[in-house]
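1. give me the fold of what follows.
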Amino acid sequence: MPVAAGSRALSRPLSAMDRALLSYEEVNAATPIAVAQLLWATGPAPSLETFQDAVAARSRRFPVLLDRLAYPTGPGRGPVWEPDPGFTVSRHVRECRLAPGAGEDEVAELVGSLCAAQLPLDRPPWELWLLHGHSPDSFGVLLRASHVWVDGTAIYRALGLLFGTGPDAGAIPATQCRDAAVTPWGVLRSLGRLMSWLPLTAGLTGLAQPVSGRSQVSWARVELTRLRAIGRAYGATVNDVFLVALAGALEAWSGPVGPLALMPVTTRRPDERELLSNFVVGARVRLPAGDETPQRRFAAVRRHTAPYRGLAGTGANERWCFERIPARFGRRLVAMGNDARRVAVTTSNLGCLPGPLAIAGRPVTEALPVPVPMPGQRVFAMLGGIAPTVTVGVATDASVPDGTALVGRWLAELTGLEHAAGIPRPARPPDRLAPDRLAPGRLAPGRGAPGRGAPGRGAPGRGAPGDGAPAAAVVA
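-> Just a heads-up that it's a prediction; the model follows:
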């Protein structure tokens, strides 16, 4: 089913991060460089033909979805994004039938295998998978796209263009854009931060085994209001809550090391809100460890995250530096960000997916972030979802022992933070480690993972099962 590319015929250049990721992918051809999201919708699954027709109609309406990588001829011409005149929806939209009653364990395994395939860049670098058959009244859709084409902010835009039902479908919120000034002093400080990546650092004992290249995904849902309440109690953002709880989960799992984490930060400017490209830089955050109080842990995280908020300008200055680095050196910086000797864990806070959304007329009720590890990455934690519920997704390399327990430990850390702050726990059902529509699956063993209850940190309830929520929209 060919789809005309519409009136939009102009090509556009790759962003600096697009070029760096393209160069990085060229030397890591065996591992997909991708981003992904899993949507769940309520109602009977549409037929594949109906689903394809709906996607084809959206592609005609929003031809930016038809962009592919092209190499114009001529001296000094680099790769560009341009519409694919031969786009065929059946090559991009397919289905996979689940066994009746399949649970989240099976879904996670299937999603992992689908995300392990390469995405060609000579056609629009995305695909949709209709997942159905496990239940008569719900179905899923997996969107996976090349990271060369989109960052975390842009994949939300792509989902909005494909499935958004409101007048602003696919619009990137203004809070995801930055318009800070670049200053000489800011550039010098940014160069210093780039140089700080060079030394190797201590890692986590749980990440000592060689990378297998096979990953496993786990999810845990939490209430956004709960994360915000914890943030208010400690004078912190939701993103800070996400990171502090992750620090505690890693410490309970692998010991008090205080690892470095990679935190992508959006540098997208207001005039780039409509572009499907990468506008992001990587910041390193030293995650707190040891018998510190929660207040000190939050203060330690804020020292790293505060410079990247709002119009502080840190991200803008780092972007200015990165855009002046040749792509082959940008590729090396990307590789350093995935080196376990420099960062133990990668994090990403996507914020909430703007809605409402519908798939062939069926309302979307849940969005699960699907972390896709880059070459060399062992732990990738991502926060996102659809309000009022958000989800933390953790992908761990198969070599990581007991990696699927991390989401349960993250939830337990939230309980400890609430207890230390005296936040009352309203009576409510326990947090779901698997959606009601699915049988208990991969996450069940992590439920109520034993905590530390370390003295001096005000968290005697740490080992209890938790029920968490998301982070602020400062990262892409």
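
2. outside of the helix or strand encompassing L333, which residues touch it?
-> Assigned by DSSP states H and E, L333 falls within helix 327-337. The set of residues external to helix 327-337 that reach it, using C-beta atoms under 8 Å, 6 or more residues apart in numbering, is 16-17, 19-24, 27, 194, 197, 262, 282, 322, 325, 342-343, 346, 374, 376. Glycine gets a C-beta too; all of them are placed from N, C-alpha and C.

3. now do the next helix or strand after that helix against helix 327-337, angle only.
-> Using DSSP H and E, the helix or strand that follows helix 327-337 in sequence is strand 345-352. Relative orientation of strand 345-352 versus helix 327-337 (axes from the mean of the first three to the mean of the last three C-alpha atoms, to 10 degrees): 100 degrees.

4. what lines up beside the helix or strand just after strand 345-352 in the sheet?
-> Using DSSP H and E, the next helix or strand after strand 345-352 towards the C-terminus is strand 358-359. According to DSSP bridges, strand 358-359 forms sheet pairs with strand 362-370 (antiparallel).

5. average pLDDT for stretch 231-251?
-> Average pLDDT, stretch 231-251: 95.

6. which parts of it are buried?
-> For stretch 231-251, a neighbour-count test (16 or more other C-beta atoms under 10 Å) marks 231, 233-234, 236-251 as buried.

7. same question, stretch 35-42
-> Buried residues in stretch 35-42, counted by 16+ other C-beta under 10 Å: 35-41.

8. how far away from the center of its chain is that stretch?
-> Its chain's C-alpha centre and that of stretch 35-42 lie 13 Å apart, by C-alpha atoms, centre = their mean, to the nearest Å.

9. what do you get for stretch 270-287?
-> How far stretch 270-287 lies from its chain's middle: 12 Å, per C-alpha atoms, centre = their mean.

10. try stretch 282-292
-> Centroid separation between stretch 282-292 and its chain, computed with C-alpha atoms, centre = their mean, is 20 Å.

11. before we move on, back to that, need the buried residues of stretch 35-42 in CSV (columns: distance to M382).
-> Formatted as CSV, the buried residues of stretch 35-42 follow (distance: C-beta to C-beta, whole Å):
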residue, distance to M382
V35, 9
A36, 10
Q37, 10
L38, 12
L39, 15
W40, 17
A41, 21
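
12. just curious, which of those residues is nearest to V93?
-> Each of the buried residues of stretch 35-42 was checked against V93 using C-beta to C-beta; the closest is L39, at 13.6 Å.

13. returning to that earlier point: put the buried members of the contacts of helix 327-337 into a PyMOL selection.
-> Buried residues among the contacts of helix 327-337 (16+ other C-beta under 10 Å), as a PyMOL selection:
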select buried, resi 16+17+19+20+21+22+23+24+194+197+262+282+322+325+342+343+346+374+376
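
14. tell me how far the residue nearest to S277 when sequence neighbours are not counted lies from T175.
-> The spatially closest residue to S277, leaving aside those adjacent along the chain, is S15, at 4.4 Å (C-beta to C-beta, 6 or more residues apart in numbering). Distance of S15 to T175, given as C-beta to C-beta, to the nearest Å: 20 Å.

15. who has more neighbours, those two?
-> S15 (23 against 12; other C-beta atoms under 10 Å).

16. ok, that one - contacts?
-> Contacts for S15 (C-beta under 8 Å, 6+ apart) come out as 275, 277-279.

17. quick check: it vs N317, distance?
-> Applying C-beta to C-beta, the value for S15 to N317 is 17 Å.

18. can you verify my assumption that L414 contacts A245?
-> Yes: counting by C-beta atoms under 8 Å, L414 touches A245, with 5.4 Å between them.

19. low-confidence stretches in the stretch 151-300 of the chain?
-> Residue ranges of the stretch 151-300 of the chain with pLDDT under 70: 201-203.

20. quick one, helices of it?
-> Counting by DSSP state H, counting those that start in this stretch, the stretch 151-300 of the chain has these helices, from start to end: 152-163, 184-195, 224-234, 238-254, 294-305.

21. possible to save those as CSV with distance to G170?
-> Formatted as CSV, those follow (distance: least, C-beta to C-beta, whole Å):
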stretch, distance to G170
helix 152-163, 3
helix 184-195, 31
helix 224-234, 22
helix 238-254, 23
helix 294-305, 28
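
22. now P125. Nearest residue, chain neighbours left out?
-> S146 (3.6 Å).

23. residue contacts, that neighbour?
-> 25, 32-35, 119, 121, 125-126.

24. just A316 next, same as before
-> Remark: with contacts taken as C-beta under 8 Å, 6+ apart, A316 is in contact with 178, 180-182, 186, 267.

25. same question for A247.
-> Contact analysis of A247 by C-beta under 8 Å, 6+ apart lists 258, 287-289, 297, 301.

26. please repeat the previous calculation with a cut-off of 6 Å.
-> 287-288 (C-beta atoms under 6 Å, 6 or more residues apart in numbering).

27. what's the first-to-last distance across stretch 122-131?
-> End-to-end distance of stretch 122-131: 26 Å, with C-alpha to C-alpha, to the nearest Å as the criterion.
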